[in-house]
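Colleague: After the sequence you'll find the predicted model.
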Amino acid sequence: MKKPPIFCAIGITFILLTGCQSGNTLQNYYLGDSQASEFLDDKFIGYKDILIETDTEIFALSTEMKTMAKSISLERDARKKATKLLQHFFSPEDINLAYESGANVIAAQAFKNQAANCLSLTIMAYAIAQEAKLSVAFQRVDVPEYWVRNGRVNMLTGHINLTVLDEKSPDKRVLFQRTSIEIDFDPFVNKQPFEKHKINKNTVLAMFYNNKAATAMVNGDYVTAYAYLKKATKVDPLFSSAWGNLGILYRFNGYQQSAIDTYRYAISLNHNNLTTMANLSMLLHANGLYEEAKHLDSYIMRKRANNPYYYALLGDEKFYQGAYKEAMNHYKKAIKLNNNIHEFYFGLAKVYYMLDEVGKAKSYIKKAMAKNHLAQLDKQYLVKLTILNQKE
């Protein structure tokens, strides 16, 4: 039974777990003195032959999208335009878009498939809104660190949405309340008081290329991954996640010093990039650089101490390793920190199923269903519950 993700996959970064040691503070490392690691073009022969989607291709509209935009543009004010756009996206009688975590596609393909990850759906919404003369801006939503396992790696996910700007005051930020609207493809995130930060189109492009690279790495296609990561760092040189993934790519291919240098540079760009810190720490430990590694471990532990999703990640790791009792403890710790997240209960259901305690597995599936508010996931949980009922 696979744990479904909550947040949309943007800015994917791999994490390779290592144990953390306790301590006090992170010293004054990575304060901007680091230099970007050199690109290793000669190690990834053929990367120039990879066909990478251009800015124009990613945001291009199909004929059907232009028709929709034209109908929206007939409305006079921003609120009516945004409301009509939302109705097109979410009405069962209309295109009724669906979230699909692995579908990192261009705007036109997302529209045609009526399904994509939230980054692609948001890019699609942005393209249509722009064509409809609706003023919108991209926002990064500061959701807690959250990971999804994919094979031998865990992937850190994030979230992005659109804010509709008041046409009379272009700098005004709006929320979906009395005078404002957000276009968000994750209803859970939209209801939470997470901080949001406006980001530019180049950062969104870097996220798109970064996600394509992550998929290529999972599939073992390192030349394609390198091509996309190099493109991401060129489009937005300050996008830390892309540099962090480039470090992972170097490590996967045995270029350890280049990996260390690139990790350090990624951290210098974003001092809250805990995933890259964890990956760097593991590599430092492996190379005997214990002092720097311990400072990183200390800082990471302090930052993650109250994040229930981190304990869920540890639970996932132990479950993947077959250490079911330890996995159980981590999931229970996650629930203690936040007892409203359905994935944590599903984690316990998986554990009890593997321990052949079907009754408890059923109980936690029911608890997961009670905490979940997405119809699509409810159907998945119901299928799993039906299977468990047949086993008793």
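Modeller: Nice, I can see it.
Colleague: give me the beta-bridge partners of the residue most central in space within the chain?
Modeller: Among the residues of the chain, the one closest to the centroid is residue 157, at 2.0 Å (CA atoms, centre = their mean). For residue 157, the beta-bridge partners are residue 146 (DSSP bridges).
Colleague: Check it and give its pLDDT.
Modeller: Residue 157 carries a pLDDT value of 72.
Colleague: Repeat that for residue 287.
Modeller: Reported pLDDT for residue 287: 93.
Colleague: can you pull out the strands in the stretch 101-250 of the chain?
Modeller: Using DSSP state E, counting those that start in this stretch, the strands of the stretch 101-250 of the chain run over residues 115-116, 136-150, 153-164, 182-183, 196-199.
Colleague: Nearest to residue 321 among the ones you listed would be which one?
Modeller: strand 136-150 (11.5 Å; CB to CB). Quick note: C-beta positions are derived from backbone N, CA and C, even for glycine.
Colleague: I'd like the average pLDDT over that closest one.
Modeller: Mean predicted lDDT for strand 136-150 stands at 77.
Colleague: repeat for stretch 372-383
Modeller: 66.
Colleague: so how far is residue 56 from the residue nearest to residue 367 when sequence neighbours are not counted?
Modeller: When the adjacent residues along the chain are set aside, residue 367 lies closest to residue 345, with 4.3 Å between them (CB to CB, 6 or more residues apart in numbering). The gap separating residue 345 from residue 56 is 45 Å, by CB to CB, to the nearest Å.
Colleague: List the buried residues for stretch 201-221?
Modeller: Using 16 or more other CB atoms under 10 Å as the test for burial, stretch 201-221 gives 201-218.
Colleague: correction: stretch 245-262
Modeller: 245-253, 255, 258-262.
Colleague: just how off-centre is that stretch within its chain?
Modeller: 21 Å (CA atoms, centre = their mean, to the nearest Å).
Colleague: Give me the mean pLDDT for that stretch.
Modeller: 94.
Colleague: how far does it stretch from start to finish?
Modeller: 9 Å (CA to CA, to the nearest Å).
Colleague: circling back to that earlier point, from residue 349, how far out is the residue nearest to the centre of the chain?
Modeller: 22 Å.
Colleague: got it, and residue 43?
Modeller: When CB to CB is applied, the distance between residue 43 and residue 349 equals 44 Å.
Colleague: If you count surrounding residues, which of those two has more?
Modeller: residue 349 (27 against 16; other CB atoms under 10 Å).
Colleague: residues in contact with the closest residue to that one other than its chain neighbours?
Modeller: Excluding its sequence neighbours, the residue lying closest to residue 349 (CB to CB, 6+ apart) is residue 364, at 3.8 Å. Going by CB atoms under 8 Å, 6 or more residues apart in numbering, residue 364 touches 345-346, 348-349, 352.
Colleague: now the residues you listed as TSV including pLDDT?
Modeller: Formatted as TSV, the contacts of residue 364 follow (pLDDT from 0 to 100):
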residue	pLDDT
345	91
346	88
348	91
349	90
352	90
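Colleague: Nearest to residue 136 among those?
Modeller: The closest of these, once distances to residue 136 are taken by CB to CB, is residue 346, at 34.6 Å.
Colleague: my read: that closest one touches residue 363, true?
Modeller: No. Counting by CB atoms under 8 Å, residue 346 does not reach residue 363; the two are 11.8 Å apart.
Colleague: So these two - more neighbours on which side?
Modeller: For residue 346 versus residue 363, the count of surrounding residues by other CB under 10 Å is larger for residue 346: 28 against 16.
Colleague: how close does that one get to residue 263?
Modeller: 32 Å.
Colleague: Tell me where the stretch 51-200 of the chain is predicted with low confidence.
Modeller: Scanning the stretch 51-200 of the chain for pLDDT under 70 picks out the ranges 92-96, 99-102, 144, 146-154, 156, 166-180, 187-193.
Colleague: give me that answer again for 90
Modeller: For the stretch 51-200 of the chain, applying pLDDT under 90 flags the ranges 74-104, 110, 112-119, 121, 140-197.
Colleague: now the helices for it?
Modeller: 55-59, 63-73, 78-90, 107-113, 118-131, 187-190 (DSSP state H, counting those that start in this stretch).
Colleague: Any chance of these in JSON lines with distance to residue 332 as columns?
Modeller: Formatted as JSON lines, these follow (distance: least, CB to CB, whole Å):
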{"stretch": "helix 55-59", "distance to residue 332": "43"}
{"stretch": "helix 63-73", "distance to residue 332": "47"}
{"stretch": "helix 78-90", "distance to residue 332": "36"}
{"stretch": "helix 107-113", "distance to residue 332": "38"}
{"stretch": "helix 118-131", "distance to residue 332": "30"}
{"stretch": "helix 187-190", "distance to residue 332": "22"}
